[in-house]
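# Predicted model and sequence follow; I will ask about them next.
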Amino acid sequence: MGTSSSYNAPVKGDWTSLKRELTHLFGEQSEENVKKVVKKFIKALGGTENFSRSKQGSSSNNAISSAIGRKTASNLGGFFSGVSKNGLNNTLKENNLSHLVGKPLDGLIEGLIEYFSHPSNSADHYASSKAGADTLKEISLSCKTVEEFEQNNESFGKVSCIFISKYIYRLFLRMFEEDKIKKYGIEETSKIFKMVENYINAEVNSYRCEKDFSKVDFNTEEGKGLIQGILQDILEILEGGNDEN
């Protein structure tokens with residue numbers, strides 16, 4: 001699984017309840033307990049409404065900001081929207097990435113991962129960078145050539161959901177991976193965290209992710225609002241809506 005840089009999750013409020021639930025999951029592994037952990041994790045982040053709208057540097061008490069995550073999702077959406085409308089090479093040039101034109105697929109993905117990465121100044125920065133890399137790798141997974149990658153329009157339409165799913169999981173990983181490996185070992189921690197990842201992916205897949213980005217300008221408030229809305233919708237699914245706590 002690989003350990004992330006050291007980060008200590010907050011210790012008060014909803015984080016205390018979440019940590020108890022996570023400890024319970026390690027003792028009693030079930031889908032229902034995974035659901036409870038993910039639900040409490042979203043609540044600990046500040047809840048659907050607060051987390052989906054939080055601003056960079058504005059986190060209070062035990063809440064975590066999603067500002068960089070939303071910005072990265074917008075940047076990815078804008079890039080792939082450009083590819084759909086103007087082609088890969090033109091989009092690379094428009095984003096000052098001319099040095100990636102003509103690169104083989106692995107070199108292109110490596111360059112794009114670097115382009116969409118951020119210094120790991122916070123959990124938000126870290127999760128955004130890792131999720132961006134995960135998203136690019138997943139989109140290119142079924143492609144053997146750059147040409148196939150450029151024509152992979154179905155994945156481009158789902159890029160926001162792919163990113164958000166991986167972003168939420170990477171946040172969870174950042175908060176708890178190191179501590180749980182120390183307590184339970186890599187093998188057991190990897191098993192439990194894979195259950196969490198699979199649950200998040202399955203719930204996100206229940207959301208209608210097919211979005212036509214070809215006419216969206218992600219530099220506008222409308223584009224940013226689209227990403228914020230998708231994040232909020234997905235968080236509502238994971239937090240369980242009106243389910244009993």
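Yes, it's here. Bear in mind that the values here come from a model prediction, so they are computed numbers and not experimental data.
# Is Ser142 in a helix, a strand, or coil?
coil (DSSP: H, G, I helix; E, B strand; the rest coil).
# Do you know the pLDDT at it?
pLDDT for Ser142: 90.
# Once you drop chain neighbours, what's closest to it?
Residue nearest to Ser142 in three dimensions, not counting chain neighbours: Asn152, with 7.1 Å by CB to CB, 6 or more residues apart in numbering. Every residue, glycine included, has its C-beta placed from N, CA and C.
# Output the lowest mean pLDDT helix or strand found in this protein.
helix 153-157 (a mean of 69; mean pLDDT, DSSP states H and E).
# helix or strand right after that one?
Along the chain past helix 153-157, the next helix or strand (assigned with DSSP states H and E) turns out to be helix 159-184.
# helices or strands up against that next one?
helix 14-27, helix 31-44, helix 67-86, helix 123-140, helix 186-205, helix 221-239 (3 or more CB pairs under 8 Å, 6 or more residues apart in numbering; DSSP states H and E).
# and the angle from that helix to helix 31-44?
110 degrees (axes from the mean of the first three to the mean of the last three CA atoms, to 10 degrees).
# buried sites along helix 159-184?
Within helix 159-184, the residues that count as buried by 16 or more other CB atoms under 10 Å are 159-181.
# circling back to that earlier point, make CSV from the helices and strands packed on helix 159-184 and add distance to Leu100 and mean neighbour count to it.
Formatted as CSV, the helices and strands packed on helix 159-184 follow (distance: least, CB to CB, whole Å; neighbours: other CB atoms under 10 Å):
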stretch, distance to Leu100, mean neighbour count
helix 14-27, 40, 16
helix 31-44, 36, 20
helix 67-86, 12, 22
helix 123-140, 12, 22
helix 186-205, 29, 16
helix 221-239, 23, 18
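# For Ser117, find the nearest of those helices.
For Ser117, the closest of the helices and strands packed on helix 159-184 is helix 123-140, at 4.3 Å, according to CB to CB.
# isn't Gly111 right up against Asn96?
No - Gly111 lies out of contact with Asn96 (CB atoms under 8 Å); the separation is 11.5 Å.
# could you list every residue that touches the residue nearest the centre of the chain?
Residue closest to the mean C-alpha point of the chain, counted by CA atoms, centre = their mean, is Tyr167 at 1.6 Å. Tyr167 is in contact with 69, 72-73, 127-128, 131, counting by CB atoms under 8 Å, 6 or more residues apart in numbering.
# Confirm for me that Phe163 is in contact with Thr135.
Yes - Phe163 lies in contact with Thr135 (CB under 8 Å); the separation is 4.6 Å.
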